[in-house]
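**Student:** I'd like to go over a predicted model; first the sequence, then the structure.
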Amino acid sequence: QVQLVESGGGLVHTGQSLILSCAALGRLFSFNATAWYRQVPGKERELVASLISGATPTYPDSVAGRFFISRDNAKNTVYLQMYDLKPEDSAVYYCYAHVSDLLRRNYYDVWGQGTLVTVSS
């Protein structure tokens, strides 16, 4: 089973940047889709970036032009570059992947443990 390990969260000031990383640990798998979500206590988890293999990344209006998702297949790592951060971007950020197990020939969803991003005004 693939595991996702996130890193890069922290405390920044308004207008600053942050890069989140999500390393996928496992063998003989491939990414079908990857995404980043965020969640604030008491609210539903919100999709902030998605990347389906072979397609163009998509973003909601709230982060379009400021957040960028990318993937390094050689390192099995997904990134979320966040620029011009705002206090409303503060949340726990979760990495998601839909992967194919090349050995068992099945596929499944996997989530990271979350990393906290706090943007102070």
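**Tutor:** Yep, it's here. Numbers count the residues shown, from 1 in each chain.
**Student:** can you give me the strands in the protein?
**Tutor:** All strands of the chain, identified by DSSP state E, fall at 3-7, 10-13, 18-25, 29-39, 46-52, 67-72, 77-82, 91-101, 106-111, 115-120.
**Student:** tell me the most buried of those strands?
**Tutor:** Sort the strands of the chain by mean neighbour count, taking mean count of other Cβ atoms under 10 Å, and strand 77-82 sits at the top with a mean of 22. Using the backbone N, CA and C atoms, a C-beta is placed for each residue, glycine as well.
**Student:** Sheet-wise, list the partners of that strand with their directions.
**Tutor:** Sheet partners assigned to strand 77-82 using DSSP bridges are listed as strand 18-25 (antiparallel), strand 67-72 (antiparallel).
**Student:** which residues does the residue nearest to Val63 when sequence neighbours are not counted contact?
**Tutor:** Leaving aside its chain neighbours, Val63 sits nearest to Val48 (5.1 Å; criterion: Cβ to Cβ, 6 or more residues apart in numbering). Val48 makes contact with 36-38, 59-60, 62-63, 67, 80, 93 under the criterion Cβ atoms under 8 Å, 6 or more residues apart in numbering.
**Student:** and if you look at Tyr79?
**Tutor:** Tyr79 touches 19-22, 69-72, counting by Cβ under 8 Å, 6+ apart.
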